[in-house]
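Visitor: heads up, no residue letters with this:
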Ligand code: AMP
Ligand code: GLY
């Protein structure tokens, strides 16, 4: 069969590599892909915001299954668009994708089904919100409602910053804002918990811990993710049962009561405090860079998992995982997450050592006639699996140093909580 992967990040490069191991696939297409997917699939230069363009590419290339990597097309209803065709599509539909597309939708669901999460209030204008802040505890968290690519969340240590957040959101920094969300600040340690579901069966898809802040020691601005390790140091059987019973199952039950079917990956961003999980947010896709660190550990054929999900047969599949420890480190363009330089030539790829346990996924890269160039903020993802996290991280750092890209930077401390040195 022919498979199409929508997206152009490190997550999609990792999905693509995983699928190359499936004997049932004839051709893999990446829409639009990056310089890393060129060698293992065929890139199709398609604007993924335009579903008609995608449909044309699907027809021309006889694609049987589409896998949607990023949230935007999901939130905009790409699954609904293809559901009436004979192309299979992996991912949640538009209604289900509100779990990521609207933080307020999710918070209201949490309230109705008593899902543990931060206490919250929803406000419609700046004056009302500021009044509320005047009587709130600090720190307080202020959020824009819709998609904001990892931005749109302000952790406010003082009232002035909270006022600034309120003004920026209502002034349209993240699109037209009818509502604003104010949340209690949750203290604890974060963990990313993944499941995959066909609407009935729910299976764990491993855990990871992402480092979202740009600077070492988890300081500085929030980013899309600077690196991750898997499994999370926090996971244990008791905690996993609580996550499923108190968070995942009530969520899927709540959606069902609204006649919404959920199929695809579901990513719960959790805060763990005293072995108790609290939901921070949902994402309706795999995490990036969590996907890059988790997928290389999967021993089961990914295609079988994705197809069985589309066909409602997930129950029939057993998942096998490597017990290795895995780390991913993101090599970013200097300046990220603020303004950063683009179109910088990256050389020395031949100096990177890659094998079964050491991988280099591309994210913001483009192959041109005269070489591979950076085109995004998060540029390359280095992954290593080993019998311990320390070894994995050392392997990655050696590779990044060998590449020696002058316009890049990375965090050397990814996984510091699981590495004693
Ligand atoms: P979100 O986009 O909702 O995941 O928020 C981005 C990041 O902000 C999360 O990964 C957390 O680090 C932090 N965050 C969001 N909400 C809260 C909260 N209520 N308490 C503490 N930290 C939060
Ligand atoms: N790594 C965070 C995300 O994918 O949203």
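Guide: Ah, there it is. Keep in mind it's a predicted model, so treat the numbers as computed, not measured. Ligands and ions are numbered 1, 2, ... in the order given.
Visitor: From now on I want contacts and neighbour counts done on CA atoms only, so please keep to that.
Guide: Noted.
Visitor: quick one: residue 397 and residue 411, what's the gap?
Guide: Counting by Cα to Cα, to the nearest Å, the gap from residue 397 to residue 411 is 10 Å.
Visitor: Close to ligand 2: what parts of this protein are there?
Guide: 210, 224, 225, 287, 288, 289 (Cα under 6 Å from any ligand atom).
Visitor: Does stretch 199-218 reach ligand 1?
Guide: No. Judged by Cα under 6 Å from any ligand atom, stretch 199-218 makes no contact with ligand 1; its nearest approach is 6.6 Å.
Visitor: What are the buried residues along the worst-scoring helix or strand of the chain on mean pLDDT?
Guide: Every helix and strand in the chain was compared by mean pLDDT, DSSP states H and E; the lowest is helix 126-134, with a mean of 87. Residues of helix 126-134 classed as buried: 126, 129, 130, 133 (neighbour count, 16 or more other Cα atoms under 10 Å).
Visitor: who touches that helix?
Guide: Outside helix 126-134, the residues within contact range by Cα atoms under 8 Å, 6 or more residues apart in numbering are 123, 159, 162, 163, 166, 167, 170, 180.
Visitor: Of those residues, just say which sits nearest to residue 65.
Guide: Nearest to residue 65 among these, counting by Cα to Cα, is residue 180 at 37.7 Å.
Visitor: so that closest one touches residue 145, yeah?
Guide: Yes. Counting by Cα atoms under 8 Å, residue 180 does reach residue 145; the two are 6.1 Å apart.
Visitor: for residue 382, what are its contacts?
Guide: 328, 329, 330, 331, 358, 359, 360, 361, 396, 399, 400.
Visitor: What's the local residue count around the fourth one?
Guide: For residue 331, the count of nearby residues is 24 (other Cα atoms under 10 Å).
Visitor: what about the helices in the stretch 1-150 of the chain?
Guide: 10-19, 51-60, 71-75, 78-83, 98-101, 103-112, 126-134 (DSSP state H, counting those that start in this stretch).
Visitor: Need these in CSV (columns: distance to residue 252).
Guide: Below are those laid out as CSV (distance: least, Cα to Cα, whole Å):
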stretch, distance to residue 252
helix 10-19, 25
helix 51-60, 27
helix 71-75, 17
helix 78-83, 18
helix 98-101, 10
helix 103-112, 10
helix 126-134, 31
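Visitor: correct me, but residue 199 touches residue 260?
Guide: No. Contact criterion Cα under 8 Å: residue 199 and residue 260 do not qualify, at 9.3 Å.
Visitor: rewinding a little: return only those of the buried residues of helix 126-134 found close to ligand 1.
Guide: Near ligand 1, taking Cα under 6 Å from any ligand atom as the test, no member of the buried residues of helix 126-134 is found.
Visitor: Reformat those residues as CSV; add distance to residue 13.
Guide: Shown next, in CSV, are these (distance: Cα to Cα, whole Å):
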residue, distance to residue 13
126, 42
129, 42
130, 44
133, 43
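Visitor: hmm, back to that, return the members of the contacts of helix 126-134 classed as buried.
Guide: 159, 162, 163, 166, 167, 170, 180.
Visitor: name the element the fifth one belongs to?
Guide: Here residue 167 sits within helix 159-170, counting by DSSP states H and E.
Visitor: Run through who's touching that helix.
Guide: The contact list for helix 159-170 (Cα under 8 Å, 6+ apart) reads 125-126, 129-130, 133-134, 138, 140, 142, 144, 152, 154, 156, 176-178, 180.
Visitor: what's near enough to touch residue 300?
Guide: 318, 319, 320, 321.
Visitor: That one and residue 205: what is the separation?
Guide: Here the criterion is Cα to Cα. By it, residue 300 lies 12 Å from residue 205.
Visitor: Helix, strand, or coil at the residue nearest the centre of the chain?
Guide: The centroid of the chain falls nearest to residue 287 when counting by Cα atoms, centre = their mean (2.0 Å). Per DSSP: H, G, I helix; E, B strand; the rest coil, the local secondary structure of residue 287 is coil.
Visitor: ok, residue 405 - contacts?
Guide: Contacts of residue 405 (Cα under 8 Å, 6+ apart): 346, 347.
Visitor: list the buried ones in stretch 206-219?
Guide: 206, 207, 208, 209, 210, 211, 212, 213, 214, 215, 218.
Visitor: quick one: pLDDT of the second one?
Guide: Spelled out, it's residue 207. At residue 207, the pLDDT value in this model is 98.
Visitor: pretty sure it contacts residue 228?
Guide: No. Applying Cα under 8 Å, one finds residue 207 not in contact with residue 228, separated by 10.1 Å.
Visitor: Name whatever forms a beta bridge with residue 142.
Guide: With beta bridges defined as DSSP bridges, residue 142 has these partners: residue 154, residue 182.
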